[in-house]
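A.B. asks: need coordinates for the below:
(chains A and B)
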Amino acid sequence: MPDKFYITTAIAYVNGEPHIGYALELLYADVLARYHRMRDEDVFFATGTDEHGAKIFQAAERAKTDPQAFTNKISARFRLLADVLNISNDDFVRTTEARHVVASQELWRRAAMNGKIYKKRYSGLYCVGCEAFKTEKELVDGKCPDHNTVPEHLEDENYFFKLTDYKDALQKLFAFRPDFVTPSGRLNEVKEWVKNLEDVSISRSIRQLSWGIPVPNDPSQVMYVWFDALTNYLTAAGFPDERYKQHWPADVHVIGKEISRFHAVLWPAMLMAAGVEVPHQVAVHGHISADGRKMSKTLGNVIDPFALVEKFGVEPVRYFLLREVPFNSDGDYSDARMRERYAGDLANGVGNLVSRVLAMIEKYENGVVPAVAKAVVESTWLAYEEHIKAHDFHLALADVWDVIGSADKLVTEREPWVLAKTDKAELSKLLYVLAETIRHIALMLWPFMPETAENILARLGVSTELGKEPLSELQTWGLLKPGTKVSKGEPLFPRLQQPTTNNQ
RNA sequence: GCCUGGGUAGCUCAGCUGGUUAGAGCGCAACAUUCAUAACGUUGAGGUUCGAGGGUUCGAGCCCCUCCCCAGGCACCA
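C.D. replies: Numbering: from 1, shown residues only, chains lettered A, B, ... in the order given. From the prediction side, this is the model:
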């Protein structure tokens, strides 16, 4: 039996159009999913949309539609984004689906049965505009700073989760499994938070908010969004059907740093409360800015992932984001940088290498891969795999480009055009080495740029069905059969037109 | 205010447990070359020496102290 590998992204909150940050998260997860598939593991990759909560209810009201119709529309946009980016997800969970309601209520029921959920009456200052209670500290001159209104005293009753019961268990979890949260800096952050825990409110009375999943046996309450949102990872696996254990526990939850608290603290505690195994790892990635500035609607510098793909193509966009934005830190997008990467790495780099080598095979070998020889790609594979395991995707790509660079250098040094006149046997050996090197480059590229990789393999006359054979097989040097017919084809990455000068 | 991570060539960043003339890619310049998408290769310029100041050491970009700047976190906001 192959190892199983269950990976998720955070589900996207559908109060607006997809943001490039979500595209980035999909890509990180996709690289891991594809890499593990390439290793012939039983991969299950889920993503989806988070559709409950006050923000969505309000957004729907502003759009003069009901919440379900509203989320149907936006959720479809996120699904389309995954499609456009060629994300290899196996499931797409919407938190408004029946199966998710079942899963959330069951998780709640189990936690409640274990005595970890209790009802508490409390009063406080409630701002109608925010649909939330405010603390004295948050108020300015006794008014809500967002709505400039005086909050009313309101008494309410909500369900609370006994998060405080899990302080020790969480601390043990972090100590026992230091890679539960990566990178390590994020784990340290989480450890700090856990020092001071309080029980959390996990429901809203329907007077406050009706758009949510009903609390089991209490029609007056709906679940607080996070309680239901986190449960999506179980929903995708098939919970509460016992078969969910085929996938569960999740191997990696890929999330953004803004929500690490919920995933690293609340989520494992919820699972423990319900007697469900906790995930193996929460991998926290950074954010992407635009032209050096934080993206925001007011600045008007939000990058639309659809427009970007429209402009440069999926594969260049995938390449850029994965190359330029390190998983473990932040990165920046700019058109200028995108064009640099495109011209330097794609057009002049892979594109040109494939082009020159295949052209020579066509010219000197009647288009047939010659026999013999061996070179060294092995050390790169080692580095590459280490980097992927450490989520240093940008470095894995740098490894691939090192190989491209050395192949280019080899061509210059050995001068095949001279060998064509002086030593046909040597020429054949050289071109075989180059062709085989390109095969390896294509394999390394596959998790990042699947279409490009498959395209290159097709040109080499190699089967493109990756995942059929384990990577360890495909990695062996010399798999490319002599006598295979190649075809150079059109440039992989044709040069971009100069940008029009009036838009940055 | 507190905490974390940063501040190294025009730009993006590497620099292992402190050790000779601080590196890479991109960009720029020159040279070379023709298989290739005017791509590839070689060489060079470019750091007042590594945010500022002080200290430890035979020796610090890397250790200690103070300060400045940037990004992020500091519980119900997804």
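A.B. asks: how close does the residue in the stretch 351-500 of chain A that RNA strand B sits nearest to get to residue A:114?
C.D. replies: As assessed by CB to the nearest atom of the strand, RNA strand B sits closest to residue A:351 within the stretch 351-500 of chain A, at 1.9 Å. Yep, even glycine has a C-beta here, placed from its N, CA and C like the rest. Residue A:351 sits at a distance of 58 Å from residue A:114 (criterion: CB to CB, to the nearest Å).
A.B. asks: ok, residue A:475 next?
C.D. replies: 48 Å.
A.B. asks: quick one on the thing from earlier: more neighbours: which of residue A:351 and residue A:114?
C.D. replies: Taking other CB atoms under 10 Å, residue A:351 and residue A:114 do not tie; residue A:351 has more neighbours (21 against 14).
A.B. asks: and what about that one, helix, strand or coil?
C.D. replies: helix (DSSP: H, G, I helix; E, B strand; the rest coil).
A.B. asks: can you pull the contacts of it?
C.D. replies: Neighbouring residues of residue A:351 by CB atoms under 8 Å, 6 or more residues apart in numbering: A:491-493.
A.B. asks: what does the pLDDT read for the residue lying farthest from the centre of chain A?
C.D. replies: Residue farthest from the centre of chain A, counting by CA atoms, centre = their mean, is residue A:422 at 51.5 Å. Looking at residue A:422, its pLDDT stands at 91.
A.B. asks: element containing the closest residue in space to residue A:365 that isn't next to it in sequence?
C.D. replies: Leaving aside its chain neighbours, residue A:365 sits nearest to residue A:431 (6.2 Å; criterion: CB to CB, 6 or more residues apart in numbering). Element membership for residue A:431, per DSSP states H and E: helix A:424-445.
A.B. asks: so the residue of the stretch 201-350 of chain A found nearest RNA strand B, which of the three states?
C.D. replies: Proximity of the stretch 201-350 of chain A to RNA strand B (CB to the nearest atom of the strand) peaks at residue A:348, 3.2 Å away. Assigned with three-state DSSP, residue A:348 falls in the helix class.
A.B. asks: need the pLDDT of it.
C.D. replies: For residue A:348, pLDDT reads 93.
A.B. asks: residue A:459 touches residue A:486, doesn't it?
C.D. replies: Yes. Counting by CB atoms under 8 Å, residue A:459 does reach residue A:486; the two are 6.0 Å apart.
A.B. asks: between those two, who's got more neighbours?
C.D. replies: Higher neighbour count among residue A:459 and residue A:486: residue A:486, with 24 against 19, using other CB under 10 Å.
A.B. asks: mind checking how far that one is from residue A:449?
C.D. replies: For residue A:486 relative to residue A:449 (CB to CB), the value is 20 Å.
A.B. asks: cool, residue A:188 as well?
C.D. replies: Separation of residue A:188 from residue A:449 (CB to CB) stands at 34 Å.
A.B. asks: out of these two, which sits in the more crowded spot?
C.D. replies: Set side by side, residue A:188 and residue A:449 show more neighbours around residue A:449, with 26 against 11, by other CB under 10 Å.
A.B. asks: quick one: secondary structure of the closest residue to that one other than its chain neighbours?
C.D. replies: Nearest residue to residue A:449, sequence neighbours excluded (CB to CB, 6+ apart): residue A:315, at 4.5 Å. Counting by three-state DSSP, the backbone at residue A:315 sits in helix.
A.B. asks: I figured residue A:315 hits residue A:446, correct?
C.D. replies: No. The pair residue A:315 / residue A:446 is not scored as a contact, 11.4 Å apart, by CB under 8 Å.
A.B. asks: more neighbours, those two?
C.D. replies: Remark: of residue A:315 and residue A:446, residue A:446 carries more neighbours, 25 against 22, as counted by other CB under 10 Å.
A.B. asks: dihedrals phi and psi, that one?
C.D. replies: Backbone torsions of residue A:446, given as degrees, to the nearest 10, read phi -50, psi -50.
A.B. asks: against residue A:193, how distant is it?
C.D. replies: Distance from residue A:446 to residue A:193, by CB to CB: 38 Å.
A.B. asks: thought the residue nearest to residue A:365 was touching residue A:364?
C.D. replies: Yes. With contact defined as CB under 8 Å, residue A:431 reaches residue A:364; the gap is 6.9 Å.
A.B. asks: mutual contacts of the two, please.
C.D. replies: Counting by CB under 8 Å, 6+ apart, the residues touching both residue A:431 and residue A:364 are residue A:416.
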